[in-house]
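S.K.: build me a model:
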Amino acid sequence: MPTEHVEIEVKFFVDDVDRVRARLKALDASSGGEIFETNYRYDDRAGGLLAAKCLLRLRRDRQAILTFKRPHPDQAREFKIYDEYEVIVDDFDGMHRILTALGFERVQIYEKRREVFPLKDVLVCIDRLPYGDFIEIEGSPAWIRESAHRLAFPWERRILANYLHIFETLRRCCQLDFTDLTFENLPEPPPEARTIIQQFEAVCTTSWAAGCPEGASRPALQHFGRRNGRGLIWTGKPAAFSSAGGRSFSGRGHR
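M.R.: Okay, the predicted model is just below:
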């Protein structure tokens, strides 16, 4: 049976996952353990889903889940809000073949390790990605803010950008020559990762142009500039980038 709901969430970049886990346990929150996720992102040949800021994803962890997300009509500057449709499928590889037969292409693979802690009326997730660790809080706006406060996360440090968008900015800045976000491709975060990720925090951001990296302001990104050799090359200007299939597109990815 498919499920539909409005997904409301924020993220925080963290240095010490163990400290966050200890805070959660002090609040009587517990998890079922860490889960490793493999995600396939799909699009049509024209990149239409990404252009519409939509996501078609097939995820494999302890089960297989097909997900479609689209922007919710009611947007808020303080939260990331999407409509979400999900269905559990019995056969991951079979669903991949169905999506391919329908004309969709697998354009990106991304991985993460996730630990979920139910806390009152929110879900708090510890997400460990190849480029860094994050806390994601999902629920109602009031409870998200309350939970962030209880976990001692300053509200102005929240991040609304999704993981793939942050990765694409990181990939461009660090001149990474791959598009799949896997632990094999990126066994350690690049030295520049912290600086780049912090530019997506609300304290550093303003909305300044359509197509600009979500949550990234012109003043915050301009200082990257170019430098010789491997390193930061972001110029602070929005630009199209290429998918795994070689097409150019602009817009946002999804967690």
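S.K.: could you use CA atoms for every contact and neighbour count after this?
M.R.: OK.
S.K.: low-confidence ranges, the stretch 101-250 of the chain, go.
M.R.: By pLDDT under 70, the low-scoring segments of the stretch 101-250 of the chain are 205-250.
S.K.: tell me which stretches of it form strands.
M.R.: Ranges of strands in the stretch 101-250 of the chain, per DSSP state E, counting those that start in this stretch, are 105-119, 122-129, 132-139, 241-242, 248-249.
S.K.: now render the ones you listed as JSON lines, adding distance to L160 and mean neighbour count.
M.R.: As requested, the strands of the stretch 101-250 of the chain are exported to JSON lines (distance: least, CA to CA, whole Å; neighbours: other CA atoms under 10 Å):
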{"stretch": "strand 105-119", "distance to L160": "18", "mean neighbour count": "19"}
{"stretch": "strand 122-129", "distance to L160": "15", "mean neighbour count": "22"}
{"stretch": "strand 132-139", "distance to L160": "10", "mean neighbour count": "21"}
{"stretch": "strand 241-242", "distance to L160": "20", "mean neighbour count": "13"}
{"stretch": "strand 248-249", "distance to L160": "20", "mean neighbour count": "14"}
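S.K.: of the ones you listed, which is nearest E84?
M.R.: Shortest distance between E84 and the strands of the stretch 101-250 of the chain, using CA to CA, is found for strand 132-139: 12.7 Å.
S.K.: pull the residues that contact the closest one.
M.R.: Applying CA atoms under 8 Å, 6 or more residues apart in numbering, the contact partners of strand 132-139 are 7-15, 17, 121-128, 144, 147-148, 189, 193.
S.K.: need the contact list for D83.
M.R.: Taking CA under 8 Å, 6+ apart, we find D83 in contact with E4, H5, V6, E7, K69, R70, P71, H72.
S.K.: closest to L102 out of those residues?
M.R.: Nearest to L102, judged by CA to CA, of the contacts of D83 is K69 at 18.1 Å.
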